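Fold the following for me, if possible:
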Amino acid sequence: MVERKDPSALSAILKAASDPTRRQILTLLAQNGPLKVTDIARRFDQSLNAVSKHIKTLEGAGLVSRLTEWREHLIEVQMAPLSEIDTWFAELRSIWALRLDALDAALKEDNDDK
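Model prediction:
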């Protein structure tokens, strides 16, 4: 198994992405590009403060970045951290592939003995 430089990064990404509202925010930003915090908040049945907290959680995990222009805060999705999830799933897939290959070999060996 491949060891990560910072194992807590994957945990932070998964924790941030575990909330449905935060996943919707990520999808919204991926589809539309950078948006103002107020424009994001308008799309949800939550207060501006609640949406801001979701955005701060996403920022903490590195999933979004904030561009400040005067009083406007533009939020932009960062896709690179999602590669951590992809890498983890790839590792899981390879482990299962090895296990399934071993099971297949055992079943073939059992059939050959009969």
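
helices and strands around the longest helix anywhere in the chain, which ones?
The residue-count maximum for a helix in the chain (DSSP state H) belongs to helix 82-113. Contacts defined by 3 or more CB pairs under 8 Å, 6 or more residues apart in numbering; DSSP states H and E place helix 82-113 against helix 7-17. C-betas here are computed from N, CA, C, even on glycine.

Give me the mean pLDDT for the helix it packs on.
Here helix 7-17 scores 87 as its mean pLDDT.

That helix: which residues count as buried?
Leu10, Ala12, Ile13, Ala16, Ala17 (16 or more other CB atoms under 10 Å).

C-terminal to that helix, what's the next element?
helix 20-32 (DSSP states H and E).

Can you pull up the most central residue in this structure?
Ranked by distance to the mean C-alpha position of the chain (CA atoms, centre = their mean), the top residue is Leu82 at 4.7 Å.

which residues touch that residue?
Going by CB atoms under 8 Å, 6 or more residues apart in numbering, Leu82 touches Ile13, Leu63.

Give me the angle between the helix or strand bottoming out on mean pLDDT in the chain and helix 7-17.
Least confident helix or strand, the chain: helix 82-113 with a mean of 74, by mean pLDDT, DSSP states H and E. Helix 82-113 and helix 7-17 are oriented at 100 degrees to each other (axes from the mean of the first three to the mean of the last three CA atoms, to 10 degrees).

Show me which residues of helix 82-113 are buried.
Leu82, Glu84, Trp88.

of all those, which comes closest to Ser65?
Leu82 (13.7 Å; CB to CB).

Relative to Val51, how far out is that closest one?
Per CB to CB, to the nearest Å, Leu82 is found 21 Å from Val51.

repeat for Leu107
Taking CB to CB, one finds Leu107 at 53 Å from Val51.

With Leu92 instead?
From Leu92 to Val51 the distance is 33 Å (CB to CB).

One more: Arg42?
In terms of CB to CB, Arg42 sits 9 Å off from Val51.

Many thanks, we can stop here.
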